[in-house]
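Q: take this sequence and fold it.
(chains A, B, C and D, ligands or ions: 4)
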Amino acid sequence: QELPKLKQKDKYKVGFAQTESNNPWRIAQTESMKAEAAKLGYQLVYTDAAGSAAKQVADVNSMIAQGVDLIFLAPREEKPLIPAVMAAKKAGIPVILLDRNVDQSLAKAGKDYVTFIGSDFVEEGRRAAEALDKATNGTAKIIQLEGTTGSSPANDRRKGFEDYIKNKPGMKIIASQSGDFARDKGRQVAETLLQAHPDATAIYAHNDEMAIGAISALEAAGKKPGQDVQIVSIDGTRDALQAIIDGKMLATVECNPKFGPKAFETMARYAKGEQIEPWVVNTDRFFDKSNAKQLIADAY
Amino acid sequence: MADTATTHPPAPARSTARPDLRMFLTRHGAWVALALLVLFNLAVTPNFATWQTLNVNLTQVCAIVIVAVGMTLVIATGGIDLSVGSLMAIAGALAPLIFMGKLFPLPHLYVGIALAFVVPVLVAGAFGWFNGFLITRLRIQPIIATLVLFIAGRGIAQVMTNGNLQVFKVPEFQYIGLGRLFGVPFQALLMLVIVLAAAWMLRRTVFGRQILAVGGNERAARLSGIPVVSVKRRVYLISGLLSGIAGLIVIARNSAADANLVGLGMELDAIAAVAVGGTLLTGGRATIIGTLVGALIIQLVRYTLLANGVPDAAALIAKAAIIVLAVWLQRQARS
Amino acid sequence: MGRLDTARLVRAIGRYGVLLALVVLILFGWLRYENFLGSYNVLSVLRYNSMFALVALGMCFVIITGGIDLSVGSTAALGSVVAALLSPYGVLPGLLGGLAAGFAVGAINAFVIIRLNILPFIATLATMLAASGCALLLANNQSVSVSYESGFTELGQGDFLGFPIPAWIGLVAYLAGSLVLNLTAFGRTVLAVGGNEDATRLMGLPTTRVKAAVYILSGALAGLAGVILAAQFGAGQPIEGVGWELFAIASVVVGGTLLTGGVGSVGSTLAGVLLLGLIFNILNFENGLGWISLSAYWQSVIRGALLLVVVAIQARLVARSDDVHA
Amino acid sequence: MTLLLSMREIDKRFAGVPALASASLEVEPGEVHALIGQNGAGKSTMIKILTGYYAKDAGEILFDGTPVEFSSPQEAQRSGISTIYQEINLVPYRSVTENICLGRERRRFGLLDWSAMHAEAQALLSRFNIHIDVRRSLMTYPTAIQQMVAIARAIGFEAKLVIMDEPTSSLDEKEVEVLFDVIRQLKAAGVSVIFVSHKLDELYAVCDRVTVMRDGRTVRVARMSELSKLDLVTAMLGRELSRVLHDEGAHHAQAASREALLTVEHLAVGRRVRDVSFDIRPGEIVGLAGLLGSGRTETARVVFGADRAEAGRVAFGDIAEPAAEPAEAIRAGMGFCSEDRKFEGIIPDMSVRENLTLALMPQLARRGVVDEARSREIVDRFIQRLGIRCAGPEQPIRELSGGNQQKVLLARWLCMNPRLLILDEPTRGIDVGAKAEILSLVRELAGQGLGVLMISSELEEVVEAASRIFVLRDGRSVAELDGDEVSEEAVMAAMAHGHEPVQEGADG
Ligand SMILES: Nc1ncnc2c1ncn2[C@@H]1O[C@H](COP(=O)(O)OP(=O)(O)OP(=O)(O)O)[C@@H](O)[C@H]1O
Ligand SMILES: Nc1ncnc2c1ncn2[C@@H]1O[C@H](COP(=O)(O)OP(=O)(O)OP(=O)(O)O)[C@@H](O)[C@H]1O
Ligand SMILES: [Mg+2]
Ligand SMILES: [Mg+2]
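A: Numbering: from 1, shown residues only, chains lettered A, B, ... in the order given. Ligands and ions are numbered 1, 2, ... in the order given. Next up, the predicted model:
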């Protein structure tokens, strides 16, 4: 079967199947999508899967039933969303994936769905490791604050980071536990790990929220974040940039949630009949003290 | 006939002579479990015997204990309150809105801070009272009545803040989470006061007795003139108020209010603490001090697993086993 | 004469209150949304909710005995992982594997509750943690692909006589469940145990065995739901199943079953599942109308409010029918 | 003759306190064997040990010639021992049929055959002259019917031994007669019966032999005919029961001179209470008599504010409105001792002390804090005065024997110094000694100006205690008997006049 086509129209009814809305990043993403749709005057059917891949498939099915023109899908996971992609294809509705891809052995961009727009979690982890490597000259005892156990950003950001330090004998992860991507949990875990491993010299957090939690844990333990312990993380939130400016954090790798413009632009290109590349790469910036001050204004 | 009791041989003094291990375990099962955990940590966990460890554990357990005290009272009446986490989120979302002047203009920051302590707690209390209203007036079963706010309550908090994180730095307000009095974290003192007050209330006051009577046999309690309806409404109100306080502590500690996450999963932690502490989940019997010990046990288990680098998946299994073990120890001699 | 008839009517409405609410909701959706009753939507709603229906069926039996099973969600997750791991060996191994995993969790629940004499709430709270830990360990913290070659996915994605296979499975389970509850000694003993466990024991009935059986049944049905989960979405998902227990409990209670045990009906549990499931579906359709683009937050507020309305009506009706014959 | 059952040297302790000490019990085939003793003597415990509900600490049990040790009531039932326990142990939410047929269901094609089971339940109940809708849930029927259902269930099993632990405590005389007929039929069929009761007359009516227990020991075994009532009581109590004198005349005269304390006029609630009027003066004991289901309990509940009146007037002292809640009635000086001890009386997990002072709490408190010292003093006094047998005031009430629980509940109200006390079946399950004690206490209090409304299915008791009796029939007051008119015959006549067998559901 061919990839469904998109007719050129003035107004579209598009679906956006969001994964969850329980963190600032997701909220910024949703806002960006809604704002762009409003700007273009499109009707947006928005659903929220509340963190369940299965519900997200059901959400996509209800969009299909409502006969939307195109579906933007931010897949909760790589594998369980395949049926949703396939169902949309069967119903003749093109799908554009946002921020996470689906399993390439089961569904292919350009054949089963239009394209994937997003960044690379593994690469993000790698860049964080690189930054830490440079700042510490390759010697660090690292505490890793993982994201939600079993979630794909957690798995990938861990993989990218660990792959990088594998051949750096001076860099060692001395403790690694999940902080659920949350500030409070991240703080509590950091408090505990710092107690058990007072020799830690660096913290790698899978997102900025946990990094901020770790900063307050360090302060409570009487250590100086940014001096006694270096912190790197991923996302590029305003809070994190502020922390970098204050010298409490080393760096953060951007993972930009503002998908709206690029998503709808890609849709327009597709409607015109352009050939879309299988991966529309989001170029993510890198924030450290060299650029944090200039860029904090447009952080989310 | 007035002396029937004395015509019987006096009943032998109740086995005071036998220092029975089982009896000991029943009475002090939770304490024994706590002591074992501490001993284990002393032997295994690096840097365990420090003030900072105590500090970390105390500050992490406060919110759970405060919520669990309210939960104990609710459970003592034979009910349950699933909405505590959502109420924490509501209180947590409301406080910054107030002291940051987003709801109404403030004449002075201190007015805002004072209101930020009082209003969110009262609002959470009002929602708690609403739970009680559903249960007593509409006669909806507690688990379902409070499920309503479990679902909707967090939504309300998110709607208030549009889901956004509210970041702030207001030391006066954050005293409740960060302050220290005589070197002891203020929140720990607050927790202690609440625990002692509730324990005293449950043992010594009419209200405490009424709570247990309602949980023990509601129909009998009513026929004995106990105002069942108002007793129930009051315990849910208290549970709401305490959840509100816990919500404030959590946001103060984090310098940020996140309606999505404040208090998430708190209901299960609190219920587990109550059960591990030895309170009967069917109502009619309750111990506040037990709840404190139960919460400490759960906290220490979490600390132990984290500090020793047990992977999260395995930690879940270990946590399950320890909860079962602790509750089983309690049950041992009772049967 | 007339008086008695109204009494009966009120009682009947009390019993079938959910059904009434369900019909009202369907009518509402039909009138308001295009394609709401289109076969695509109906079939996909059925396909998706069959998992919850199975879990709620087990929960219904457990609740009737006066117990509760919080572990169903993570048991389903565990079942899906086991089924996915075994799916390359064929449909049957996958199916049986998932069932066996659920059975095992149920058996552990039964052991902890009966032998160790620990209240169901706590026992199943513990197995909820443990089962999810096991699922994560087995799956190595990731979703596990099922084999698309062995035909295993048919169990979730296939149709039979134009009707989704998971829905067939759910239908058969409910028919069997209803039969068991109403027409077997086991079913009646389940009801009796919930009504008064001590009395049932003194009446010389095998209360322990019956209680063990309902937890095992609930576990096995959750395992089966896990199999469908794996087959329908092509992956074993260790982190799925969060909140399923509350969904199941709510469906059972909305269906008029008392949490204190002793009273309950399989049929109205199914109605409860469909009612709660439809609310999600309707919210999605409402968003599509474009009048208001509801944020997820408003959705949870509305869901809570709807739940409140349904249980409040239900409670009113039950209370009134009580007054009539108490 | 070989014995059917022989329990020898049975010991049982609860948390170190002996409940049975070397007790024994022997039952011959085809006999009706009485088991009697004071409250807490250990009768129920003995039975529960036999049926495997409790494990014994020592001793041996032979059943049908072979040593047995049942591990569950189920096992005992399979071996031919069918038991009716003291507290009605049925499943209230389920239908009457289910309560009767659970455990020996009729099947067709492997599935339950409901119509056969309904028929069977109906047939069993009709042996007791009870014709009710067996499909309705048990809880919609009053205690007496429930008791009969329990009995029907027990004799429905093929049993060699039927044990009845105080089956008659909630039955009235008619039902008791029916039950005795059934017992005689059982006996004729060669089935043995163990019969526990505190009503001595009943024992003489049906029992062949008797075992008397005291303080957990077996103190006397004899043929019923060889033992006079006096001997029986003496054996039970371990001393003679000095007859309490009947000084009714005195306070009757005193009562007549005063204003009414409680006036009830044309009260109506639902189908059970249609038109009830009566009044009570201070210092007077008024009896409310009627057949089972005549609406006595309902009337009492409405007066006490536990249920709402639909029509009629209740005036108590200077309050003209019926109380909306029990709390209100209690504040006005009423007390109400419910007939349903287990579900409306005790709070099982609470101690004797807490149970006893439950209603008194507001008065015991100073600014919301309970005055423990005063509560202890009051409790000690009442434990003494009523002879409550317990390990101490802190013992959980659920561990007490049924009769002693009843005394605690009485004390709950007596300690309030009420102006009006409503007693619904106050002596249910209480031994002769204690009963006399309670009745004399009630009389003494009445002498001090307390008004008492007494509901009892034991006519003898009502007639003896009350100076005036109101008779209810089908929810209507049909007679008032005063002074010399009060006699068992007169009450019976008023109760039964124009009476048809109570039927339920037939008109539905
Ligand atoms: N579960 C229990 N735990 C502790 N003590 C108990 C328990 N059951 C009974 N007892 C005690 O054992 C003694 C005997 O009780 P039992 O119920 O056998 O008396 P009974 O002869 O049946 O009295 P009644 O005529 O009042 O029914 C009592 O003193 C009672 O307090
Ligand atoms: N023999 C019977 N057959 C059918 N129904 C009965 C019978 N006896 C009582 N009832 C039911 O019980 C209702 C009255 O119960 P209520 O408790 O008010 O009366 P009561 O005189 O106090 O009886 P009890 O002595 O059992 O407490 C009747 O309206 C009827 O529905
Ligand atoms: Mg007894
Ligand atoms: Mg009565």
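
Q: D:Leu356 reaches D:Phe382, doesn't it?
A: Yes: counting by CB atoms under 8 Å, D:Phe382 is a contact partner of D:Leu356 at 6.2 Å. The way it works is simple: take the backbone N, C-alpha and C, and place the C-beta from them, glycine included.

Q: so what sits against both of these two?
A: Residues touching both D:Leu356 and D:Phe382 (CB atoms under 8 Å, 6 or more residues apart in numbering or on different chains) are D:Ala411, D:Cys415.

Q: okay, those two: which has more neighbours?
A: Between D:Leu356 and D:Phe382, counting by other CB atoms under 10 Å in any protein chain shown, D:Leu356 is the more crowded of the two (28 against 22).

Q: so what's that one up against?
A: By CB under 8 Å, 6+ apart, the contact set of D:Leu356 is D:Ile378, D:Val379, D:Phe382, D:Pro393, D:Val408, D:Ala411, D:Arg412, D:Cys415.

Q: let me know the closest of those residues to ligand 3.
A: Among those, D:Val408 lies closest to ligand 3 (CB to the ion), at 15.0 Å.

Q: how about the closest residue to ligand 4 within chain B, phi and psi?
A: Across chain B, the shortest distance to ligand 4 (CB to the ion) belongs to B:Leu223, at 14.1 Å. Backbone torsions of B:Leu223, given as degrees, to the nearest 10, read phi -70, psi -10.

Q: over to D:Arg366?
A: phi -120, psi 120.

Q: so how far is ligand 2 from it?
A: 39 Å (CB to the nearest ligand atom, to the nearest Å).

Q: again, but for C:Asn287
A: Using CB to the nearest ligand atom, C:Asn287 is found at 54 Å from ligand 2.

Q: again, but for D:Gly37
A: For D:Gly37, the distance to ligand 2 equals 26 Å [CB to the nearest ligand atom].

Q: hey, what's the nearest residue to that residue once chain neighbours are set aside bridged with?
A: Among residues not flanking D:Gly37 along the chain, D:Met213 sits closest, at 3.6 Å (CB to CB, 6 or more residues apart in numbering or on different chains). Beta-bridge partners for D:Met213, by DSSP bridges, are D:Gly37, D:Thr218.

Q: any idea how far D:Met213 is from D:Leu237?
A: Here the criterion is CB to CB, to the nearest Å. By it, D:Met213 lies 12 Å from D:Leu237.

Q: looking at those two, which one has more neighbours?
A: D:Met213 (26 against 20).

Q: got a list of what that one touches?
A: D:Met213 makes contact with D:Ala23, D:Leu35, D:Ile36, D:Gly37, D:Ala41, D:Gly42, D:Lys43, D:Met46, D:Val219 under the criterion CB under 8 Å, 6+ apart.

Q: okay, now the residue nearest to the last one when sequence neighbours are not counted: neighbour count?
A: In this case it means D:Val219. Among residues not flanking D:Val219 along the chain, D:Val212 sits closest, at 5.3 Å (CB to CB, 6+ apart). Neighbours of D:Val212 under the rule other CB under 10 Å: 24.

Q: cool, A:Asp10 as well?
A: What A:Asp10 shows, counting by other CB under 10 Å, is a neighbour count of 7.

Q: please apply the same query to C:Leu37.
A: 13.

Q: residues of the stretch 101-250 of chain D that sit close to chain C?
A: D:Leu102, D:Gly103, D:Glu105, D:Arg107, D:Leu111, D:Leu112, D:Trp114, D:Arg136, D:Met139, D:Thr140, D:Arg153 (CB under 8 Å from any CB of the partner chain).

Q: switch those over to JSON lines; also include distance to ligand 3 and neighbour count.
A: Shown next, in JSON lines, are those (distance: CB to the ion, whole Å; neighbours: other CB atoms under 10 Å in any protein chain shown):
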{"residue": "D:Leu102", "distance to ligand 3": "24", "neighbour count": "23"}
{"residue": "D:Gly103", "distance to ligand 3": "23", "neighbour count": "20"}
{"residue": "D:Glu105", "distance to ligand 3": "30", "neighbour count": "21"}
{"residue": "D:Arg107", "distance to ligand 3": "36", "neighbour count": "13"}
{"residue": "D:Leu111", "distance to ligand 3": "39", "neighbour count": "15"}
{"residue": "D:Leu112", "distance to ligand 3": "34", "neighbour count": "22"}
{"residue": "D:Trp114", "distance to ligand 3": "35", "neighbour count": "18"}
{"residue": "D:Arg136", "distance to ligand 3": "29", "neighbour count": "16"}
{"residue": "D:Met139", "distance to ligand 3": "23", "neighbour count": "17"}
{"residue": "D:Thr140", "distance to ligand 3": "27", "neighbour count": "18"}
{"residue": "D:Arg153", "distance to ligand 3": "19", "neighbour count": "25"}
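
Q: closest to A:Asn291 among those?
A: D:Met139 (75.4 Å; CB to CB).

Q: just the buried residues from the contacts of D:Met213, in PyMOL please.
A: This is how PyMOL selects the buried members of the contacts of D:Met213, with burial counted by 16 or more other CB atoms under 10 Å in any protein chain shown:
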select buried, chain D and resi 23+35+36+37+41+42+43+46
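
Q: got the contacts of D:Met213 as TSV, with pLDDT and distance to D:Glu265 columns?
A: Output for the contacts of D:Met213, formatted as TSV (pLDDT from 0 to 100; distance: CB to CB, whole Å):
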residue	pLDDT	distance to D:Glu265
D:Ala23	92	54
D:Leu35	93	47
D:Ile36	90	44
D:Gly37	88	45
D:Ala41	87	45
D:Gly42	89	48
D:Lys43	90	45
D:Met46	92	50
D:Val219	90	52
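
Q: that's all I had, so thanks and see you.
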